[in-house]
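Visitor: from the sequence below, what's the structure:
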Amino acid sequence: MKICGIQKTTLIDYPGKVACTIFLYGCNFRCGFCYNAGLVTEEPEIEYTVKEILSFLQQRVGKLDAICITGGEPLLTLDKEFLKQIKSMGYLVKIDTNGTSPDKLQKYIEEKLVDYVAMDIKNSKEKYNKTAGVEVNIEDIEKSIKIISDLDDYEFRTTVIEDLHTKEDVVKIGKWLNSLIKEKPKKYFLQGFKSAGNFIDKEYSNKSNTTEKYLIELKKSGEEYFKKVEARW
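Guide: Reported below is the predicted structural model:
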């Protein structure tokens, strides 16, 4: 487990909580628009020890409510003992995941080491491989969708690029998740792409930001299929 960064305070990563965000190195996807390419394709220049992070978290007990763990794809390397020590301090834990490690996700949830999961839905099933940049095991994605939907606190989210995600794709995503969960998922967020970051595919540096107007159009397309749909730009 390589800890490559920490955002010491965030008011947006864990809804309604004061949190910090820990970044883990490594990912099994190669989404061209990933702005954290340094956590995916390059060995980290900065690496924190588990001891350093736990010491920081111990000092912040009573000031922070929750810990968000992201990447890369954190479930590739996230250590159970690390989670246990965080939970022993009384923190809530949120995991950001691409859904490719359902067995590990299930285990951590069953052991009450995870309180909130945010899962990226990259695109409609037909476009999943193209969007993720690799061959994706859709069965694992579907297992994770079902596992997450049993939680009290979860969200699905899609980063929207205007020439890659259409209103029809959002409808297909909605129908897909409804068919798996057998009801409307609680929360779905459409996140606007921003052309600022260390992208895996450098061509994304030249793409325009996703507009508020486009996100609202897609939001309307998805409202039939989710209990709550929001656009973030």
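
Visitor: tell me the spacing between the most far-flung residue of the chain relative to its centre and Met89.
Guide: Largest separation from the mean C-alpha position in the chain: Gln59, at 26.6 Å (CA atoms, centre = their mean). From Gln59 across to Met89, the span is 10 Å (CB to CB, to the nearest Å). Heads up, the C-betas are built off the backbone N, CA and C, glycines and all.

Visitor: what does Lys184 give?
Guide: 35 Å.

Visitor: now do the contacts for the most centrally placed residue in the chain.
Guide: In the chain, the C-alpha nearest the mean C-alpha coordinate belongs to Asp96, at 3.4 Å (CA atoms, centre = their mean). Contacts for Asp96 were tallied using CB atoms under 8 Å, 6 or more residues apart in numbering; they are Cys68, Ile69, Thr70, Gly71, Pro74, Val117, Ala118, Met119, Asp120.

Visitor: out of these, which is most surrounded?
Guide: Gly71 (26 neighbours; other CB atoms under 10 Å).

Visitor: just give me the neighbour total for the nearest residue to that one once chain neighbours are set aside.
Guide: Nearest in space to Gly71, with sequence neighbours left out and distances taken as CB to CB, 6 or more residues apart in numbering, is Leu24 at 4.8 Å. Counted with other CB under 10 Å, residues neighbouring Leu24 total 25.

Visitor: ok, Leu24 touching Asn36?
Guide: No - between Leu24 and Asn36 there is no contact under CB atoms under 8 Å: 10.5 Å.

Visitor: give me the common contacts of the two.
Guide: By CB under 8 Å, 6+ apart, the residues touching both Leu24 and Asn36 are Gly71, Gly72.

Visitor: next up, phi/psi of Arg232, please.
Guide: phi -120, psi 130 (degrees, to the nearest 10).

Visitor: isn't it right up against Lys187?
Guide: No - counting by CB under 8 Å, Arg232 sits too far from Lys187 to count as a contact (11.7 Å).

Visitor: more neighbours: those two, which one.
Guide: More neighbours surround Lys187 than the other of Arg232 and Lys187, with 16 against 12 (other CB under 10 Å).

Visitor: so who does Asp153 touch?
Guide: Pro15, Asp115, Tyr116, Val117.

Visitor: give me the neighbour count for the closest residue to the second one other than its chain neighbours.
Guide: Once its chain neighbours are removed from consideration, Asp115 has its nearest residue in Leu92; the separation is 4.5 Å (CB to CB, 6+ apart). Applying other CB under 10 Å, we find 18 other residues in the vicinity of Leu92.

Visitor: let me see the backbone angles for Leu92.
Guide: Dihedral angles (degrees, to the nearest 10) for Leu92: phi -80, psi 150.
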